[in-house]
Every structure is written in structure tokens, then in C-alpha cells.
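Novice: Fold the following.
(chains A and B)
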Amino acid sequence: MKLLPPRRLHPQLGAIAALLVLTAGAAHGESGVTEQIEPAEITLGETAQLTIATLGSTQTPITPPVIPGLEFVAVGQSSQMESINGRTTSKSSVVYEVIPQRVGIFTIPGGSPPLVLRVRPGGASAPPASPAAFSTSPAAGSMMVASATQLTQDGSAFVRLRLPKHQLYIGESMPVDIQVGVRDGLVATLSGLPSFGGDSFTLNNLSTKPEETQEIIRGQPFIVLTWHSALAAVKPGTSSLTIDTPLTVRMQTMRPSAANPSGDPVLDEFFNDPFFQKFFGVVGTTEKEITLASPPTTINVMALPAQSRPEGFSGAVGHFKIASELSAATTTVGDPLTLRMHVSGAGNFDRVRSGMLHSAHDWKTYPPIATFTAADSTGYHGEKVFEQAAIAKEPGTQTLPGLAFSYFDPDSGRYETAQTPPISVAVMPAAASSSAANGPVPNDDEGKARAGRFGSPALRPDYADTGNSVASLVPLYFQPPFLAVPSALALAFTAAWFWLRRREQAANDSSMALQRATSQATAMWLAQMETAAATGDAQVFFSSARLALRQALAARWHVAPQSIGLEDIDAHLGPDDEDVRQLFASADEATYSGCDSVIGDHEHWKQVVLRQLNERPTR
Amino acid sequence: MTARMSIALLTLALGAGIAHAATGVAPQISAGYSAPRLFDLANANVRDGKPGMAVLNYERARLRAPNDPDIQANLSFVRTLSGLPPITGTWFERQASRFASPNTLFWFGCVGLLIVGASLLLARKYPRRRLALRACTAAGFALMAVTLCNALAIWPMMNEAVVTARATPARVAPVSMADSLMALREGEILTVDAEVRDFTLVHTDTGRTGWVASADIAPVVPR
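Specialist: Below is the predicted model:
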């Protein structure tokens, strides 16, 4: 290994040492708490955003400052941890919404230098001083401003309404947040959904599953249930809006007791101790139904201007964009195309309506069908799609005129009309064979007449009822009563097959039994022949040999064994079987002559019998 | 003798089965379903601006007359009008359901079973004609296979339902206050998975599942 010369090593070591010192210093400098508020100056009724971040190797809990006249609502939290070369650094930040409750200059401690928030007079009920003070952009309009938080007397709950603005036009919708804060343990249940009285506004249906967050108010933790909904104004004028929420709260009760139950001051102090009272049930809990109301919020509802109202205006108020499309660029005369108009944006989509194309030259159109897809849970943002069937009447290049949609822009206070460009379509002539495919139409004139009567040339005409109907649309193979038919067939065939098989088996069994009996008899006769040969009894010998031969020949000729005689031998056997004829003749002679005959070569006769027995019977 | 007895037995069984089946349905035939009647009803639904009911009745008519070009054309037309995708299906479903109506194919299947059974029995009795009888057996099996394929293709339809109301919400739970998962289009065909009180659990072609009010859908094959 080649070492660097000493004169060059020293500057490098110095540089590394300096880097280490700087890094340590930077790491040390990163530890701490930083605070930031935006904007630093607001009007009463608006909110500011305070971000408190901690950075360092140790995790420090972040708590909101407690400043009279300001309320801090936690709206976001983030936490990040990274480890580099074994050194762990964590960064946490919490974003609070600062809600001023009075005008003034507030100093928020903790930062260096401390942050200052100026709250100017103004407020919810006051009309905006200038158009700039009122929200003019959709982004600014979406910022929610909460009403003041008013806790109940026992500090167990609150209801507040968060609105993006306090000035509306009739028919205009705006997203609202209804927040109900409850202290855990003090509020038993929510008896119903928040609601408001009066007929100046309408509120979308509230979900039974509100968003749940935690918030620290006046040093106490609250569970905050938030419903996102949309509020719409229906009457002009200035109205006060209050949200009511039914709650069941738990209240601690103390049973009445004597001031000095024992008479002894020491014992009385012991008995009056809250722990003792709670332990022995002196302190009880009872539930009570209450209705909690939010602080009233004033909303100014204005009528829509009557001047320059477009003809096709349907009451849509908001910010919308439109686009159109056609299902195909080419079509055939008589075939339907789908023309779609997409209306997207934010506003009262329930009032977004369009008749699409009422009448277009060379086009047959049908009433449109609308479908709304909400982009949020309130239905304030989303897209409404209108679909209309259009059928070209004439071939050639046809043009579908552009679509128009009128709405009222609440920010500019003017009616707007959005338009789409016209769409060109190449329309082919209808195929000559299409009328032939119409099935039951007997001739073209009748078909046209029917189509004209039905008002839909693309719809194929009605049929004449043939009366060939069924009681159920369930196919027969899924109906249990009809399933009995194939089941019965299958059973019958199976039974017949088994019956046939059994019969064949029985036939086979009888022929086998006969064969076995014949074999046994033949063996017996052969044994008798052996015995007779040994004793020299020619009559028994030839009689047994003839019986064995008859058995063998009867099986071969399919006749009864006892009916076989010399005539049959002559008739069936050839000259090669002369021995058989001689054996039958010797047997007759031995049986009928009565005198003693000579057996002769008994082995020869035995071979004659065995040869005939081994002959295969003919079929 | 054996063959005569078998035929007599089969005739008796077949007659008994048909008689039993006929007694169960005879009183209702007068007010039944026919392809022309359903087709005309669907056309009337289109003209009344009820695409959901129209799709339902065209689908029912298609069940009775699967090869009718007019039913296919009008069903495609109303689906296009409603912005619904064109009718699709697997190759097997398309092929297996095009032969004839399910009821006709049921009787084809019975005849096939009759041919198979008789030919197998006769082959046992007359072994010398085994080749011709085996051909008959194969033909009978082919008829039965066609019926079976048709039944397999039709089976999913037994659990299908059509959305008959506009923008029907599919909810996360079978209660009317439950959150809506999606909006179903009128005329959309769904598969029914379960029913709880007034709600039906369904899934769409894309596999999305939700609970819809039973009053907003109608089964393609009424039970």
C-alpha cells in the first residue's frame, strides 16, 4: 500500500475534522421547535394556519398554545424518521387551524421571535367590504370558515358549522361541514343526526358514519364528528342558521347526605372524601337527553339576476365545464349513435339539466338520459353525463350541431353559456338486406307503416302472438316435475339392462350345471369300465362304455342320450368310426344275449370312448 | 319377448313422467310467456321510455327464441340507447345457446336418452348388429350432450336480474341508509348472490358487489 507523503496528509485531516465539526454543529442546530403562521393578518371570521414542527433525535410531543381569544383546531399531522449512518433524526409537525374569537393582536409564544397574528374587524354577518374580500376563486371558495365554538355549560360538547362563505344565490349549493365535539365519558350517545329548522335552506342527507378526529379545546380532549354535506339556499334574504344535535349526556349526581353523618370531624372528612363516596356508590351517574345548538350563523341569500338570463337556463349555479363526444365517427342510416355531453365542475348538480338536441335537420333524436357521478361525498363536485340517442335519416356527411349549457357563476355574478363544437359524422346508406332481416314483416310498405306508427324506425316491429306460450320461463330441465321424465327413462333402461343380464347369467348357469353333471357321469362310467375290466364283467363294461359314448354324442348332436342307437351311429358317423359301431354292437350283444362275452382289449375300447368324449360338440 | 317388454316398460315410464309433469303446469298455461308476447311488451317498454323493463323482456324473449334476429336487434338497440355495452358472452355460451329453445332441447335430450338406452339393450340382444346400434348410441349421446351444454350455458341466467329503476344505488349494507358504492344503470344485467329482506346482494360484470333494493331489479327468469 502506498502512503501519501506527510505534507499532503495534514491538510486532508484538517478538512475532515472541519467537516465533522460542521456536521455536528448542523445536527445540533437542527434540534428544536419551529413555528409558522399563515397569513399573519386575518379578518374576524376567517382562519389562519399554524404549523408547529419539531426536529431532533428525541421525540417531543407537540401541544397547541393556550391563548385567550384564539382557538386551535388540529387539522393535520405528519411524522418522519430517518437514520443515516446510525444517527436517527425525527421530524414531526402538526397543522392547526387558528380560529379567532375576537379582534386584536395575538402573540403566539414558542417561536423565536414569537409569532404575531393580527385579527381585523369584519366577521360572518358583515357583508364583504369589497369583491376582493369575498372569495372569488374556487380554491379560495373551498376554504371552510368555522363558526365560533361554544361549549355546553358543563363543557361536555359543542356543535359548530363550517362554511366556505356566508353569501349565496338562490339555488346555489355550497359544501358545509357540521362538527359535533364530545368529551369522551361525558357524552353517552348521539341520539340523532344534526339538523336545522326553517325552510330557507336544504341540506343533503347526512351519512350515518361521520368522520372522526380528535381535538384539544381549552386543554381538554374532544372527539369531533364531522359530516360533510352540501347546503342549498331556497329563499332570498338574510337568514340565521343553527344546527341542532340531540345528545345523551351523562351527569354525575350525589346522593343527599347529612353534613355531619358521624358527628366526628375526622370521620366526616373521611366519609365526605370523593373517593370514598364513589367507591361506596354515594356518587351516581344519570343520563339526560339534551339538544345542542350551534352558534347562529348569518347567511345572506340573494336572488338570481333576472336580466340577461339565458333561454335554456335550468337553475344551475356553480362553476362548470362541458365537453361532448359521439359513440362513433361513422354510422349507417337508421342505426343509433350515442351523443354524450359531460358537464363537470362544482355546484348544484341536481339543477344541471339539458335537453341536448331538440331538433336537428336529418337527425332523429330521443330524450336524453342523465347520469351523475359524484367526485366527493357531498355531491358538490362531480360530473353529470347526458346521453342521447341520435339516428341519421339521410346518408352523406352529416353534422350534429354543438351543444350549449347555461349556468350562473356566483363569483362573477353573471350568467355563462358554455358551448361544444359541432361534430361531423359520415353516414352510410342502409344495407338493402336489412329489411329482409326484419323477419315477420311481410313487405316493406307494411314494415314502414308499422315503424311510423311506433315512432321508432330503428325498432323492429311487433309480432303477431302465436299463442305458443309456457307457464314458466324456467327451462324444463331445471323443473323438478319434468326431470322425472329422463330419470324414469334412465331407471327403466338400467332395470331392463340388469334384467337381461341376469337372464343371460341364469341361462349360462343351467348349461354349466348340465356340463358338470355330464362330466361327473362320464367319470363314473369310465370308473365302472375300469372295474368291470378288472373283474372281467363284459356286460357292465360295454354298458358303461355305451352310456359314456351316448352322453358325448348327445352333446354333439343335440339329441337326447337314450335315443341314440345303431341307426344314428350309421347316419352320423363315417367309416373312420367303425370302432364306435362295434362298441355299440358288443354292448347290445352283451346286454341281450345273456351269455358271457369277452371284453378283449379293454384299453382299446377305453381309448375309443375317450376320443369321442374329447371331440368338441358342434354348435 | 325381452325387447317387447323393455319397450312396454319404457313407454309406461315416459308416459307416466309426462303425465305427472303436465298435471303440474296445465292450469297456468293460458297466462304464460311466449316470445312474441314478450317481444311486443319490450317494444312497448322502449316506446314508453322504460329501457330497464325493455331489456328485461327482450332477455326473456331471447330465452324462448334464442335465434330470433329481431329480438337481438331490438335488444342491441335499446342497450345502445341506454348507454349500455353491447351483449357479450363466452364462446361456449354463445354456441351452446343458439341451437334451439331450452325446452325443445330438453325433449331432444329425452329422445337422446331413449335412443341410447334402446340401442344398448338391443346390442345385447342382437350382437351381430352391434355396429349399427353403436352408431345409434353415439347419436343419442350427442343429443344428450347438446342438451347438457345448453343447460350449462343457461344456468348463469337463472341468477341474473335487470335493473329496472333509474340510477339505482348499490349500497354497502342491506339498509336504505347505508352508503352508496356505485350507481347502477337502468337495464344493466346483474348476478344475484343473496337476498336479505328487501335487499338483494348483486355483482356486476366487472365484479363490483353491492346491495340493491329488490324493488329496483327484476329477475330474468322469474321463479
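Novice: only C-alpha atoms for contact and neighbour calcs from this point on.
Specialist: OK.
Novice: any idea how far the one residue sitting closest to the centre of chain B is from residue B:147?
Specialist: The central residue of chain B, meaning the one whose C-alpha is nearest the mean C-alpha position (C-alpha atoms, centre = their mean), is residue B:154 at 4.4 Å. Computed as C-alpha to C-alpha, to the nearest Å, the residue B:154 to residue B:147 distance reads 10 Å.
Novice: next one: residue A:535
Specialist: Looking at residue A:535 against residue B:147, where the rule is C-alpha to C-alpha, the gap reads 80 Å.
Novice: quick one: which of these two has more around it?
Specialist: For residue A:535 versus residue B:147, the count of surrounding residues by other C-alpha atoms under 10 Å in any protein chain shown is larger for residue B:147: 27 against 11.
Novice: buried residues in stretch B:53-70?
Specialist: B:53-66, B:68, B:70 (16 or more other C-alpha atoms under 10 Å in any protein chain shown).
Novice: Run through those residues and flag the ones next to chain A.
Specialist: If you filter the buried residues of stretch B:53-70 for contact with chain A, counting by C-alpha under 8 Å from any C-alpha of the partner chain, you are left with B:60, B:63-64, B:70.
Novice: Which pLDDT value goes with residue A:159?
Specialist: Note on residue A:159: pLDDT of 86.
Novice: Send me the helix or strand harbouring it as CSV with only the CA atoms.
Specialist: Following DSSP states H and E, one finds residue A:159 within strand A:157-163. Extracted in CSV, the C-alpha atoms of strand A:157-163 (Å, rounded to 0.1, in the frame of the first residue of the first chain):
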residue,chain,number,x,y,z
ALA,A,157,-69.9,19.0,23.9
PHE,A,158,-70.2,21.6,21.2
VAL,A,159,-71.7,21.9,17.7
ARG,A,160,-70.3,24.2,15.0
LEU,A,161,-70.8,24.8,11.4
ARG,A,162,-68.0,25.3,8.9
LEU,A,163,-68.9,27.2,5.8
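Novice: wait, does stretch A:385-396 contact chain B?
Specialist: Yes - among the residues of stretch A:385-396, A:387-389 lie within reach of chain B under C-alpha under 8 Å from any C-alpha.
Novice: Helices of chain A, start to end?
Specialist: A:6-30, A:138-141, A:265-271, A:274-279, A:444-454, A:480-535, A:538-557, A:566-572, A:578-593, A:602-614 (DSSP state H).
Novice: what about the shortest one, average pLDDT?
Specialist: Right, the one you point to is helix A:138-141. Mean pLDDT, taken over the full extent of helix A:138-141, equals 35.
Novice: Over to stretch A:247-267?
Specialist: With pLDDT averaged residue by residue, stretch A:247-267 scores 61.
Novice: can you pull out the helices in chain B?
Specialist: B:2-25, B:35-47, B:51-64, B:69-81, B:91-96, B:102-125, B:130-154.
Novice: Check those helices for me and report the most buried one.
Specialist: Each of the helices of chain B was given a mean neighbour count from mean count of other C-alpha atoms under 10 Å in any protein chain shown, and the largest, a mean of 26, is that of helix B:51-64.
Novice: ok, back up a step: is it possible to export the ones next to chain A among the buried residues of stretch B:53-70 to CSV including pLDDT and distance to residue B:135?
Specialist: Rendered in CSV, the data for these read as follows (pLDDT from 0 to 100; distance: C-alpha to C-alpha, whole Å):
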residue, pLDDT, distance to residue B:135
B:60, 93, 37
B:63, 88, 32
B:64, 89, 32
B:70, 89, 38
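Novice: Just give the nearest non-adjacent residue to residue A:354, would you?
Specialist: Of all residues beyond its chain neighbours, the one nearest residue A:354 is residue A:405 (7.0 Å), with distances taken as C-alpha to C-alpha, 6 or more residues apart in numbering or on different chains.
Novice: Sorry, wrong one. I was asking about residue B:44.
Specialist: With C-alpha to C-alpha, 6+ apart, the residue lying closest to residue B:44 is residue B:54, at 7.7 Å.
Novice: If you rank every helix and strand of chain A by mean pLDDT, what lands last?
Specialist: For chain A, counting by mean pLDDT, DSSP states H and E, helix A:138-141 ranks last in confidence among helices and strands (a mean of 35).
Novice: In chain B, where is pLDDT below threshold?
Specialist: Counting by pLDDT under 70, the low-confidence segments of chain B come to B:1-31, B:88-90, B:93-94, B:96-98.
Novice: again, only using 50
Specialist: Judged by pLDDT under 50, chain B has its weakly predicted residues at B:1-2, B:13, B:16-30.
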